[in-house]
Every structure is written in C-alpha cells, then in structure tokens.
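**Q** below is the sequence, then the predicted model.
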Amino acid sequence: MRLLAVLLVALLIALQVRLWSGATGRGEVDRLGEAVATQSRENDRLKLRNDALAAEVDDLKEGEDAVEERARAELGMIRPGEVFYRIVEDAPAPAPERRR
C-alpha cells in the first residue's frame, strides 16, 4: 500500500511539472491568450476603419455633396459663377546672422 501511495505522489508530481513547464503548459496558454487579445484589438481597429470607408463609399454613391466636397478639396474645382481667392501669406524674414 505504501508503494502505491509513493507511485501516485510521483505521478502527481510528474503531471504537475508537465502542466507548468511543458511545451503545451501554462506559459504557452498565457502567451496564446495575449496573442488573441492583441489580434482582437487589431481587428476592432480595422473594423472601425472598414466601417468608415464603407460609409464614405455609400456617401459617394448616393449623395452629390460628398462628390462636390471631394472635387473642391482634392481637385480645386469651383462652381460656375464662383470666384476663387487664394491668400498667400508673406514668408517670415530670415533672422540676421550674428558675427563672432
């Protein structure tokens, strides 16, 4: 009976060592959990980006306001009868050089 108890304790110790330090042990589970959390955050960020792009596509397909806004901003287009003004500020004067 004593031999059986020693064998069971040895088996328990061997299983615990494998559980905590083996290739598929607790450390690997923790590492995989962190990888899953990181990927979930990345997926959430990409979903927000995709939703914004989908909304922009819908806006461009359905409304003329978005097309007009993009034409004005990116292509510099104006409507007939409008006057385009560009305000150019003077460049700041260079600082005088100091002689030593």
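**A** Thanks, I have the structure now.

**Q** next secondary structure after the helix or strand containing residue 61?
**A** For residue 61, the element it lies in under DSSP states H and E is helix 26-62. As assigned by DSSP H and E, the chain's next helix or strand after helix 26-62 is helix 64-75.

**Q** next, the angle helix 26-62 makes with that following helix.
**A** Put simply, helix 64-75 runs at 100 degrees to helix 26-62, going by axes from the mean of the first three to the mean of the last three C-alpha atoms, to 10 degrees.

**Q** helices or strands up against helix 64-75?
**A** helix 26-62 (3 or more C-beta pairs under 8 Å, 6 or more residues apart in numbering; DSSP states H and E). For glycine as for every other residue, the C-beta is placed from the backbone atoms N, C-alpha and C.

**Q** so how far is stretch 85-100 from its chain's centroid?
**A** 40 Å (C-alpha atoms, centre = their mean, to the nearest Å).
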